[in-house]
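Asker: for reference, the sequence and a predicted model appear below.
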Amino acid sequence: MATALLVIDMQMGMAHRTAQGRPRANPQAESHVANLLALFRAKGPPVVHVLHDDPDPASPFRRGAEGAEPMPCAQPQEGEAVVWKSTSSAFAGTGLDALLRRRGIDRLVLVGAVAAFCVTSTTRAGSDLGFQIILPGDALIGFDIPAHDGGRIDADTVLRVTLSLLGADFAQLVSTDQVAAMI
């Protein structure tokens, strides 16, 4: 299988949320993303960066805003594709599907942020399009969320439920350390 690493929304706005004290899961996610980038770059499979461009001009994730810039751990290198999205899924209106198919890619290792939102949307869409999805859960950023009936759901629980749902039908769940044997 031809594999690519898809790095989703590893942008400074995520780092700012963390620095401001927003509760999150996987405080080591950035180092795992950096390790996977180094692995793919050393072994040669393609890396694709997906960045969020919020249509709201006031959003910190608006293309050109400081919050939309890639984190230091996930800076694109020359020759690596960069795709900008304005919705949750990296496949919606971006041309990502065509880009991957032109390169013969049929398996994706997805890492990045936010696990319960853009990573989930991209995982489900990619699976529906016929890609095999590999999710190293320790390379995903997850935040707490407000509960529909009041209060908040803690970040570790959100990530646990997210991975459980995705692993049940849409992705193979692995750790960062297991990815090397798969590419």
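Answerer: Arrived safely.
Asker: and the strands in this protein?
Answerer: 3-8, 24-25, 47-52, 81-85, 107-112, 132-136, 142-143, 145-146, 152-153, 172-174 (DSSP state E).
Asker: compute the inter-axis angle for the third one and strand 81-85.
Answerer: In terms of direction (axes from the mean of the first three to the mean of the last three Cα atoms, to 10 degrees), strand 47-52 departs from strand 81-85 by 20 degrees.
Asker: tabulate the strands of the chain (TSV), appending distance to Leu165, mean neighbour count and mean pLDDT.
Answerer: (C-beta placed from N, C-alpha, C; glycine too.) As requested, the strands of the chain are exported to TSV (distance: least, Cβ to Cβ, whole Å; neighbours: other Cβ atoms under 10 Å; pLDDT from 0 to 100):
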stretch	distance to Leu165	mean neighbour count	mean pLDDT
strand 3-8	17	25	98
strand 24-25	15	22	96
strand 47-52	21	23	98
strand 81-85	21	16	98
strand 107-112	14	26	98
strand 132-136	11	22	98
strand 142-143	13	24	98
strand 145-146	14	12	96
strand 152-153	14	14	96
strand 172-174	11	16	98
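Asker: can I get the ones you listed in JSON lines with distance to Gly126?
Answerer: What follows is the strands of the chain, written out as JSON lines (distance: least, Cβ to Cβ, whole Å):
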{"stretch": "strand 3-8", "distance to Gly126": "8"}
{"stretch": "strand 24-25", "distance to Gly126": "22"}
{"stretch": "strand 47-52", "distance to Gly126": "11"}
{"stretch": "strand 81-85", "distance to Gly126": "13"}
{"stretch": "strand 107-112", "distance to Gly126": "6"}
{"stretch": "strand 132-136", "distance to Gly126": "5"}
{"stretch": "strand 142-143", "distance to Gly126": "19"}
{"stretch": "strand 145-146", "distance to Gly126": "23"}
{"stretch": "strand 152-153", "distance to Gly126": "25"}
{"stretch": "strand 172-174", "distance to Gly126": "12"}
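Asker: so for Gly95, which of these sits nearest?
Answerer: Nearest to Gly95, of all the strands of the chain, is strand 81-85, at 7.2 Å by Cβ to Cβ.
Asker: and the closest one, what does it pack onto?
Answerer: The contact analysis (3 or more Cβ pairs under 8 Å, 6 or more residues apart in numbering; DSSP states H and E) places strand 81-85 against strand 47-52, helix 96-102.
Asker: mind putting those in JSON lines, distance to Pro23 included?
Answerer: Output for the helices and strands packed on strand 81-85, formatted as JSON lines (distance: least, Cβ to Cβ, whole Å):
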{"stretch": "strand 47-52", "distance to Pro23": "21"}
{"stretch": "helix 96-102", "distance to Pro23": "31"}
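Asker: thank you kindly, that will do.
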